[in-house]
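Participant: Sequence below, structure please.
(chains A and B)
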Amino acid sequence: MNTEAAAAIKHEHHDVWGGGVSPLNVSYGKMMMWYFLLSDAFSFAGLLITYGAIRFSHTDWPDPNEVFSAVPFLGHAHMPLVFVSFMTFTLIMSSVTMVRAVQEGHRMNRKGVALWLGLTILGGLTFLGSQAWEWTHLIHGGMTISSPWTQLDHHSGDVVYTAPIVFGQLFFTITGFHGFHVTTGVIINSVVFIQNLRGVYDRRGHYEMVEKVGLYWHFVDLVWVFVFLCFYLL
Amino acid sequence: MATGPLTEAEYQHHVSAVWRVTIILSIVTVVEVVGAIFYPEGAPRIILNIFFIIMSLLKAFYIVAVFMHMKYEKRALQLTVLLPTLFLVWAIIAFLWEGGAWLNLRSVWF
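Facilitator: Okay, here's the model as predicted:
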């Protein structure tokens, strides 16, 4: 390396880290959103690792293909994982529409942001509705935070297996904490949706708020990947 | 990623990247569910579980890298956010080990 190039690097380094500019090249708001999400990731990791530790301390654990095998409007049809796959797909698609909203925001396209953000909110509501149905179904089936899930024989209806009570407690706590995140995400997205329609971001000169709520929304999708893994697949 | 307005070419590039990742995530999810339902009854469960974990990490990578734009951020930001998550590797090993110890305690004493 010649001395000129070395000097240029040193100079650039000083410029970037010497104050007056953002070394990470993001705004304060976006940077702090990243760090908030990092801390939130640890909250969820704490819950899911607890799930793992408690599961490892039991000799028996219910089979997810048996617990989550119901689908709305299909009565007692045995269709393992079909409905939860639909929920997963809904959340992935709402993440996709969110990225599109962010991209339209970069182009200062108010109508584009309204369209894609509106679809994102619809996706979030669909997911929440599905989760409400799933919870209702499980609670009616007898699984609450104080009574265990029981597996019934498909023909006679006799109880053939009783799960540890802690399974239900972990399920409602962790999917509830995630559902709470989805709920706040839908509320925050709705606020941004209204502000966008009122032209707040056009007057402000940038659509960074869409990016920040977008990061939060993708994080909710990211967490679901691991909730899905722990409860429904493993 | 730059906060300024994108050129038309950059915009098209980002949009097509998003749809490509959408297809990848959908296929991975479908493959996982098919695996869960059709995995042979007697075959070792551990192989399927390792497959699920790898697929989930793959999905997480695409969501963070493309959807959250981490791929386009400065290296310093990438590292400050991603490196702390390595602590979780220790936490997972330690607490699963602990869970096994609880099981052992219960089987010995109760």
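Participant: which residues of chain A fall in strands?
Facilitator: Secondary structure of chain A by DSSP state E: the strands cover A:150-152, A:159-162.
Participant: Check chain B too.
Facilitator: Going by DSSP E, chain B shows no strands.
Participant: List the residue ranges of it that fall below the pLDDT cut-off.
Facilitator: Within chain B, the segments meeting pLDDT under 70 span B:1-6.
Participant: The residue in chain B that chain A sits nearest to: neighbour count?
Facilitator: Per C-beta to the nearest C-beta, B:Gly99 is where chain B lies closest to chain A, at 2.9 Å. Just so you know, the C-beta spots here come from the backbone N, C-alpha and C atoms, and that holds for glycine as well. Other residues near B:Gly99 come to 20 when the count uses other C-beta atoms under 10 Å in any protein chain shown.
Participant: Quick check: nearest residue in space to A:Phe127, chain neighbours excluded?
Facilitator: Nearest in space to A:Phe127, with sequence neighbours left out and distances taken as C-beta to C-beta, 6 or more residues apart in numbering or on different chains, is A:Thr90 at 4.9 Å.
Participant: Any part of stretch A:82-89 near chain B?
Facilitator: Yes - against chain B, stretch A:82-89 shows contacts by C-beta under 8 Å from any C-beta of the partner chain at A:Val82, A:Ser85, A:Thr88, A:Phe89.
Participant: Neighbour count added to these, as TSV?
Facilitator: Listed next are the residues of stretch A:82-89 next to chain B as TSV, based on neighbours: other C-beta atoms under 10 Å in any protein chain shown:
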residue	neighbour count
A:Val82	16
A:Ser85	21
A:Thr88	26
A:Phe89	17
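Participant: Among those residues, which lie within helices?
Facilitator: A:Val82, A:Ser85, A:Thr88, A:Phe89 (DSSP state H).
Participant: follow-up on the earlier one: and the gap between the residue nearest to A:Phe127 and A:Gly129?
Facilitator: 10 Å (C-beta to C-beta, to the nearest Å).
Participant: between those two, who's got more neighbours?
Facilitator: For A:Thr90 versus A:Gly129, neighbours defined as other C-beta under 10 Å are more numerous around A:Thr90 (20 against 13).
Participant: Give me the local confidence score for that one.
Facilitator: Model confidence at A:Thr90, given as pLDDT, is 94.
Participant: Count the neighbours of the residue of chain A found nearest chain B for me.
Facilitator: Using C-beta to the nearest C-beta, A:Phe56 is the residue of chain A that sits closest to chain B, at 2.9 Å. Residues near A:Phe56, counting by other C-beta under 10 Å, number 17.
Participant: Provide a list of residues in contact with it.
Facilitator: B:Leu96, B:Gly99, B:Gly100, B:Trp102, B:Leu103 (C-beta atoms under 8 Å, 6 or more residues apart in numbering or on different chains).
Participant: and the residue nearest to it when sequence neighbours are not counted, what does it touch?
Facilitator: Spatially, and ignoring its direct neighbours in sequence, A:Phe56 is nearest to B:Gly99 (2.9 Å; C-beta to C-beta, 6+ apart). Neighbour list for B:Gly99: A:Gly52, A:Ala53, A:Ile54, A:Arg55, A:Phe56, A:Ser57 [criterion: C-beta under 8 Å, 6+ apart].
Participant: one more time with 10 Å, if that's ok
Facilitator: Contact analysis of B:Gly99 by C-beta atoms under 10 Å, 6 or more residues apart in numbering or on different chains lists A:Ile49, A:Thr50, A:Tyr51, A:Gly52, A:Ala53, A:Ile54, A:Arg55, A:Phe56, A:Ser57, A:His58.
Participant: Closest to B:Phe110 out of those?
Facilitator: Taking C-beta to C-beta as the measure, B:Phe110 sits nearest to A:Ser57 out of the contacts of B:Gly99, at 11.9 Å.
Participant: give me the number of residues near that closest one?
Facilitator: By other C-beta under 10 Å, neighbour count at A:Ser57 equals 19.
Participant: That one contacts B:Trp102, correct?
Facilitator: Yes - between A:Ser57 and B:Trp102 there is a contact at 3.7 Å, judged by C-beta atoms under 10 Å.
Participant: where in chain A is pLDDT low?
Facilitator: For chain A, the ranges with pLDDT under 70 are A:1-14, A:75.
Participant: which non-adjacent residue is nearest B:Phe51?
Facilitator: B:Gly35 (6.4 Å).
Participant: quick one: that neighbour from A:Val71, how far?
Facilitator: In terms of C-beta to C-beta, B:Gly35 sits 19 Å off from A:Val71.
Participant: Looking at those two, which has the bigger crowd around it?
Facilitator: Between B:Gly35 and A:Val71, counted using other C-beta under 10 Å, A:Val71 has the larger neighbour count: 18 against 14.
Participant: residues contacting that one?
Facilitator: The contact partners of A:Val71, by C-beta under 10 Å, 6+ apart, come to A:Ala77, A:His78, A:Met79, A:Pro80, A:Leu81, A:Val82, A:Phe83, A:Val84, A:Phe86, A:Trp133, A:His137.
Participant: contacting residues around A:His181?
Facilitator: Contact analysis of A:His181 by C-beta under 10 Å, 6+ apart lists A:Asp40, A:Ser43, A:Phe44, A:Tyr216, A:Trp217, A:Phe219, A:Val220, A:Val223, A:Trp224.
Participant: which of these has the most neighbours?
Facilitator: Comparing the contacts of A:His181 by number of neighbours (other C-beta under 10 Å), A:Trp217 comes first, having 31 neighbours.
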